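Peer 1: need a 3D model of the sequence below.
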Amino acid sequence: MNIALLGVRSEAPVRRTGGAGPSDDGHFVVGGLNAAIPLNPDSPYVVRDGRLTLGGADLGMDVAPVRRPRFYDLVTAEGVAYDKIAKLHGRNVLATTVVQTCVRYDESERCRFCAIEASLASGATIAVKTPTMLAEVAEAARRLDGVSQMVMTTGTSNGWDRGAKHLARCVRAVKEAVPDLEIQVQCEPPADLRAITDLYEAGARSIGIHVESMDDDVRRRWMPGKSTVSMDEYRAAWREAVRVFGYNQVSTYLLVGLGEDPDEFVAGAQELIDMGVYPFVVPFRPLQGTLATDVDHVPSPDASLLHDVTSRVAALLTAAGMRGEDQKAGCAACGACGVLKTAGA
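Peer 2: As a prediction, the model looks like this:
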């Protein structure tokens with residue numbers, strides 16, 4: 001768990017900066033599992049000759065940077081680089097933000113851990129990915145690099161669907177081009193819950209409806225705009241999503257390190273598990289371009305706190321028979337940004 005917070009010193013051909021989170025990271029395979037690890041030049045952990053070392057001592061763990069995928073070398077007929085349309089996460093996950101803007105990005109409303117528009121401002125991506133673009137990139141990533149799943153998220157729109165309509169169009173196009181590619185979609189709870197069925201009928205087979213914290217005080221402090229969507233709305237959306245997508249095909253991020261009481265954090269995870277929702281526990285980590293990093297200077301949580309809540313949530317998941325790898329696609333299935341898989345969940 002320490003390297004999830006302190007990062008490593010290593011080259012990483014596949015990496016990301018900015019964006020919606022959860023960190024500025026490099027992508028590795030650690031002990032056979034996907035891992036998104038902060039690249040920290042001051043970390044005491046060093047990747048050397050495919051092994052993790054500390055103070056020159058081999059820690060007995062295989063660590064291999066994910067190789068640069070071949071689809072990154074391609075461009076669309078319009079001249080848009082494929083890696084501005086979708087990114088490789090881990091060794092086998094294609095990820096994209098279909099709309100790289102958010103109605104909540106004004107500083108008074110922005111989620112303080114999010115930099116969704118920073119990568120757009122830097123030129124690393126484009127504002128809107130069309131269904132045609134995404135189908136083209138997904139086909140190439142599947143054919144050239146063997147991606148097995150895809151994650152589609154979106155900035156929130158002003159509409160009743162909060163971005164779900166464009167997600168559905170994109171899912172449908174990708175499934176027509178690559179029928180065997182499993183897809184997870186991610187969005188805020190839509191005002192009309194029929195949008196959840198629309199996403200399933202388009203071809204998505206898992207869904208993330210991310211709340212980040214179950215504590216309203218934490219939500220108002222960290223997510224002033226998003227917190228206006230009530231917990232009752234989230235609970236209604238999760239229940240409907242479980243009805244449509246099935247048990248353990250619905251997930252939500254829970255961020256460790258936002259100031260929430262650990263016991264209340266775990267109790268919130270239990271409530272989610274009881275609904276059939278997988279709580280994907282992820283440490284808050286500083287991300288360049290966010291208010292939390294650039295203004296608040298919030299550090300990562302203590303390793304002891306991360307270990308405590310992760311191990312307790314993992315035990316609850318194990319007791320419920322819920323595993324991230326049983327999800328069809330998405331963050332919990334990949335597991336790279338969290339440490340629940342190392343705890344057996």
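
Peer 1: where does the prediction get shaky in the protein?
Peer 2: Applying pLDDT under 70 to the chain picks out residues 1, 17-24, 344.

Peer 1: may I see the buried residues of stretch 233-247?
Peer 2: Glu233, Tyr234, Arg235, Ala237, Trp238, Glu240, Ala241, Val242, Val244, Phe245 (16 or more other CB atoms under 10 Å). (Glycine included, C-beta is placed from N, CA and C.)

Peer 1: and the helices in this protein, which stretches?
Peer 2: Assigned by DSSP state H, the helices in the chain fall at 2-6, 118-121, 131-145, 164-177, 194-202, 216-222, 231-245, 262-275, 291, 303-320, 331-334.

Peer 1: so which of the ones you listed gets nearest Leu39?
Peer 2: helix 2-6 (11.0 Å; CB to CB).

Peer 1: thinking again about what came up before, any chance of the helices of the chain in a markdown table with distance to Gln100 as columns?
Peer 2: A markdown table is the format used below for these (distance: least, CB to CB, whole Å):
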| stretch | distance to Gln100 |
| --- | --- |
| helix 2-6 | 26 |
| helix 118-121 | 4 |
| helix 131-145 | 13 |
| helix 164-177 | 12 |
| helix 194-202 | 19 |
| helix 216-222 | 21 |
| helix 231-245 | 23 |
| helix 262-275 | 28 |
| helix 291 | 18 |
| helix 303-320 | 29 |
| helix 331-334 | 18 |
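
Peer 1: which of these is buried the deepest?
Peer 2: helix 331-334 (a mean of 29; mean count of other CB atoms under 10 Å).

Peer 1: that one packs against which elements?
Peer 2: strand 149-153, strand 182-186, strand 206-208, strand 250-256, strand 277-283 (3 or more CB pairs under 8 Å, 6 or more residues apart in numbering; DSSP states H and E).

Peer 1: of all these, which one is nearest Tyr45?
Peer 2: strand 277-283 (15.4 Å).

Peer 1: okay, now Ser230: neighbour count?
Peer 2: When neighbours are counted by other CB atoms under 10 Å, Ser230 registers 12.

Peer 1: quick check: phi and psi at it.
Peer 2: Phi and psi for Ser230, reported as degrees, to the nearest 10, are phi -70, psi 160.

Peer 1: related to what we said a few turns ago, in a markdown table: the helices and strands packed on helix 331-334, plus distance to Glu325 and mean neighbour count.
Peer 2: Supplementary listing: the helices and strands packed on helix 331-334 in a markdown table, determined by distance: least, CB to CB, whole Å; neighbours: other CB atoms under 10 Å:
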| stretch | distance to Glu325 | mean neighbour count |
| --- | --- | --- |
| strand 149-153 | 11 | 25 |
| strand 182-186 | 12 | 26 |
| strand 206-208 | 12 | 27 |
| strand 250-256 | 12 | 26 |
| strand 277-283 | 11 | 27 |
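
Peer 1: which one of those lies nearest to Val66?
Peer 2: The nearest among the helices and strands packed on helix 331-334, by CB to CB, is strand 149-153 at 14.8 Å.

Peer 1: walk me through which strands that closest one pairs with, and which way each runs.
Peer 2: strand 93-97 (parallel), strand 182-186 (parallel) (DSSP bridges).
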